[in-house]
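Asker: Got a sequence here, can you model it:
(one chain, ligands or ions: 2)
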Amino acid sequence: MKKTILTGIKPTGQVHLGNYIGAIKPALELAKIQEYKQAYFVADYHGLTKIHDAKEFRHLSYGIAATWLALGLDADKTIFYRQSDVPEIFELNWIFSCFASKGLMNRAHAYKSIVDSNKQHNRDVDFGVNMGIYNYPILMTADILMFNTEIVPVGKDQVQHVEIARDIAKNFNNTYGETFGLPKYKIQESTAILPGLDGRKMSKSYNNTIPIFEEPKKLEKLINKIKTDSLPPDAPKDPHTSIIFMLYKEFASPSETQQMKDQYLNGIGWGEAKAELFKVMNRFLEEPREKYNELMASTGTLDNILQEGAEKARGLSIPFLKQIKRKIGVI
Ligand code: ADP
Ligand code: TRP
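Answerer: Ligands and ions are numbered 1, 2, ... in the order given. Model prediction:
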């Protein structure tokens, strides 16, 4: 049987360069490997933990689907679906909640960081926590194990969730015998955490992102906002600590990257470095941006593609869930 690679993105904001470099780009690279079965999805119900405006939610969900396709995902060769179109995942989510200890959820980082912040502000520890946030790692476990996934390409912040999926899989296997393989995460080491405009991790939560499909003028403006030090233009600079260089190498050819490295070492003004970054980034993004805008103007097309994907996904999830239900004695 082919090994499965699976990853999802939740629709909670505009897709930014951190998402692209940390999750989408590595996933699309793996997608080129024919020996793998590929599953990519819009983790819409994960987004519901946060987005409670229907119009915005719908728009963001289409946005994730259009992003995958615009960046080159081939829906014919992969299983490309919307999580909420595969009800078996949610049934499995319940089954897994009976195999996930509450303590394990208490230690999940997203929940823990809200609790810590509440403590700091002298609020009730669970202030602002809905059960969706609390159970988030269990639903993610169901996403992963529903398709017997072996490899999960994600950014560094999702590693703990994949480890939780392994724990839950082991728990289930210990009780009912070997049922689920243990998934492994795959992170892009060199850019595991891409910094944002202010130098902190690029994240919607910090408002320091560069959305990938921003119009060129806005993109240029954002690039100009990247924080730099006050070294004079002709002073030698360290490419390894520069956000501009980190981004540059993701979009430039190897020879361009080498050239830029030399320029850093010989001294390059930040203004010039930013202009070069804009050039290579825009060169790469031009075509996908156009495709993205086309798809967003034709959501019916997106619906059709996602529906077809959901059928493929359910071709796998329906029989597998049946086996699982037999094991636990529901049927
Ligand atoms: P955000 O932090 O903006 O809310 P998400 O949590 O929606 O981003 O992340 C979606 C995917 O993109 C995850 O796999 C995550 O690890 C990856 N990712 C997000 N931000 C970054 C970043 N700055 N560097 C690398 N990967 C990232
Ligand atoms: N939790 C992931 C994120 O915040 C999104 C996600 C949901 C996911 N289910 C998944 C990623 C399954 C990989 C596999 O980015």
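
Asker: Look up the closest residue to the closest residue to ligand 1 within the stretch 101-250 of the chain, ignoring the ones flanking it.
Answerer: In the stretch 101-250 of the chain, the residue that lies nearest ligand 1 is residue 155 (1.8 Å; C-beta to the nearest ligand atom). Bear in mind the C-beta positions are built from the backbone N, C-alpha and C, glycine included. Among residues not flanking residue 155 along the chain, residue 22 sits closest, at 3.5 Å (C-beta to C-beta, 6 or more residues apart in numbering).

Asker: Which pLDDT value belongs to the one you found?
Answerer: With respect to pLDDT, residue 22 scores 82.

Asker: doesn't residue 195 make contact with it?
Answerer: No. Applying C-beta atoms under 8 Å as the test, residue 22 and residue 195 come out as separate, 11.4 Å apart.

Asker: Tell me which of these two has more neighbours.
Answerer: residue 22 (25 against 20; other C-beta atoms under 10 Å).

Asker: my read is that one is in a helix, agree?
Answerer: Yes. Under DSSP: H, G, I helix; E, B strand; the rest coil, residue 22 sits within a helix.

Asker: Roughly how far does it sit from residue 199?
Answerer: Distance check for residue 22 against residue 199: by C-beta to C-beta, to the nearest Å, it reads 16 Å.

Asker: For the stretch 1-150 of the chain, give me the ranges with low pLDDT.
Answerer: Flagging of the stretch 1-150 of the chain using pLDDT under 70 yields the residue ranges 1.

Asker: What of the stretch 201-331 of the chain?
Answerer: Those would be none, if you go by pLDDT under 70 across the stretch 201-331 of the chain.

Asker: Quick check: residues of it near ligand 1?
Answerer: 201-205 (C-beta under 6 Å from any ligand atom).

Asker: So which of those residues are in strands?
Answerer: In strands, defined here by DSSP state E, there are no members of these.

Asker: so which of these comes closest to residue 122?
Answerer: residue 205 (21.7 Å; C-beta to C-beta).

Asker: neighbours around the closest one, how many?
Answerer: Residue 205 has 11 nearby residues by other C-beta under 10 Å.

Asker: Same question for residue 133.
Answerer: 17.

Asker: ok so it is a helix residue?
Answerer: Yes. Per three-state DSSP, residue 133 lies within a helix segment.

Asker: ok, it - contacts?
Answerer: By C-beta atoms under 8 Å, 6 or more residues apart in numbering, residue 133 lies in contact with 49, 110-111, 114.

Asker: Likewise for residue 306?
Answerer: Contacts of residue 306 (C-beta under 8 Å, 6+ apart): 42, 65, 80-82, 85.

Asker: repeat that with 10 Å
Answerer: 41-42, 61-62, 65, 75, 80-82, 84-85, 299 (C-beta atoms under 10 Å, 6 or more residues apart in numbering).

Asker: which of the residues of the stretch 201-331 of the chain next to ligand 1 are buried?
Answerer: Buried members of those, counted by 16 or more other C-beta atoms under 10 Å: 201-204.

Asker: Among these, pick out the one closest to residue 263, please.
Answerer: The closest of these, once distances to residue 263 are taken by C-beta to C-beta, is residue 202, at 24.1 Å.

Asker: about what we covered before: anything in contact with each of residue 22 and residue 195?
Answerer: 201-202.

Asker: got the residues of this protein near ligand 2?
Answerer: Close to ligand 2, as judged by C-beta under 6 Å from any ligand atom, the chain has residues 6-10, 43, 46, 140, 143-144, 152, 154, 158, 161.

Asker: Any chance of the residues you listed in CSV with neighbour count, secondary structure and distance to residue 326 as columns?
Answerer: Listed next are the residues of the chain next to ligand 2 as CSV, based on neighbours: other C-beta atoms under 10 Å; DSSP: H, G, I helix; E, B strand; the rest coil; distance: C-beta to C-beta, whole Å:
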residue, neighbour count, secondary structure, distance to residue 326
6, 25, strand, 24
7, 26, strand, 29
8, 23, strand, 27
9, 23, strand, 33
10, 22, coil, 32
43, 23, coil, 28
46, 21, helix, 28
140, 25, helix, 24
143, 26, helix, 22
144, 29, helix, 21
152, 25, strand, 26
154, 22, coil, 31
158, 20, helix, 31
161, 22, helix, 28
